[in-house]
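**Student:** 3D, please:
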Amino acid sequence: MSAAPPPGPRVWPSGLPARLDRALRAWVRRHPDTRPVRLARSAVYGALSVLHTEDHCPHTNGEARVLRCLAAVRREPLLLDVGANRGAWALAALEACPDATVHCFELAPPARQALRRLAAGRPGLVVAEAGLADRPGVRRVKHYPEREELTSFYDYPHDAPFTWRSEPVLRGDDYLSEHGIEAVDLLKVDTEGAELEVLTGFQRALSAGRVTAVQFEYGYAAVLSGSLLHRLYGLLEPLGYMIGRILPERVDFRPYTLFDERFYGPNFLAVHASSPELTALLGGRTTLSPRRK
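**Tutor:** Next up, the predicted model:
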């Protein structure tokens, strides 16, 4: 039997009396291209553009709070930073979890070299020798020398100068096996559209519940790669993960609906059912005193 389709878009209430609401909707359906409707639609799109503004600073967008919550319930956590760029998130992770070990992955050698310089004298940072994908091999990579955070497998239309390179990639499950890693406390994936591909490379670990939490970016690059939120939910939810958008003061855990496919990032979090204490803390349902187990 095929799975039931996800719930459809919500019909948001207008705040008008019911009869007026119905009349207004009926009028718009009959006059979709009139000047008042075009002006109203333009105003709404402008407001959505402002509301789509994303905060990528881990100290203010909720990512640092996620790390502090993890530190409250895990001792010496092991973290994977896939798409580490120059290491801003890895440093935030070590600040929140001083006893953590963070394995960093980047596609292009210049970024890996910068990470190795950052890791010098920091025993908690480990720099892998390749990026990650769904299978090992060599991939074509769009590299931005001046804006390496944009480097990707996909031809996203950025204005910055770029070159195409061929780079080696690993599969996540293989990396865990080769390094004797039995469990991952947090897998963070920020790969400019390749999030689903990277997570597919961790299929064995995810299926076994060996990854406590997954943080993934979700934005317009997902259009090019097909890493839509529906597919990410479809991968993780059947494996026992609860998913929600990371907000500054909580994680908004809730089921998927088609209306959620709005590319409002920047980050979502999935937590395995084996960690209800962490889920409650992240969701703001409890104020546990910081402790480690």
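**Student:** Please count neighbours and contacts with C-alpha atoms only from this point.
**Tutor:** Will do.
**Student:** Please go through the chain and pick out the longest helix.
**Tutor:** Ranked by number of residues, the top helix in the chain under DSSP state H is helix 35-51.
**Student:** Measure how far that one is from the centre of its chain, please.
**Tutor:** What separates the centre of helix 35-51 from the centre of its chain is 28 Å, taken as C-alpha atoms, centre = their mean, to the nearest Å.
**Student:** Give me the contact list for it.
**Tutor:** Residues from elsewhere that reach helix 35-51, judged by C-alpha atoms under 8 Å, 6 or more residues apart in numbering: 28, 31-32.
**Student:** C-terminal to that helix, which secondary structure element comes first?
**Tutor:** The helix or strand immediately downstream of helix 35-51 is helix 63-73, counting by DSSP states H and E.
**Student:** Domains in the protein, by residue range?
**Tutor:** Residue ranges for the domains of the chain, per automatic domain parsing: 18-51, 63-282.
**Student:** Of the ones you listed, which is nearest Cys57?
**Tutor:** Go through these one by one with C-alpha to C-alpha and the one that ends up closest to Cys57 is domain 63-282, at 8.1 Å.
**Student:** Need the distance between the two termini of that closest one.
**Tutor:** Using C-alpha to C-alpha, to the nearest Å, the end-to-end distance of domain 63-282 comes out at 11 Å.
**Student:** Show me what stretch 78-95 is in contact with.
**Tutor:** With contacts defined as C-alpha under 8 Å, 6+ apart, stretch 78-95 is touched by 58-59, 64, 67, 100-107, 111-112, 114-115, 118, 124-125, 131-132, 148-149, 183-191.
**Student:** Can you give me the end-to-end span of that stretch?
**Tutor:** Counting by C-alpha to C-alpha: the opening and closing residues of stretch 78-95 are 14 Å apart.
**Student:** Could you list the low-confidence segments of this protein?
**Tutor:** Counting by pLDDT under 70, the chain contains low-confidence residues at 1-14, 51-52, 286-293.
**Student:** how about the strands in it?
**Tutor:** In the chain, strands defined by DSSP state E lie at 78-82, 101-105, 125-127, 131-133, 137-143, 163-171, 184-189, 211-217, 241-246, 251-253, 267-272, listed in chain order.
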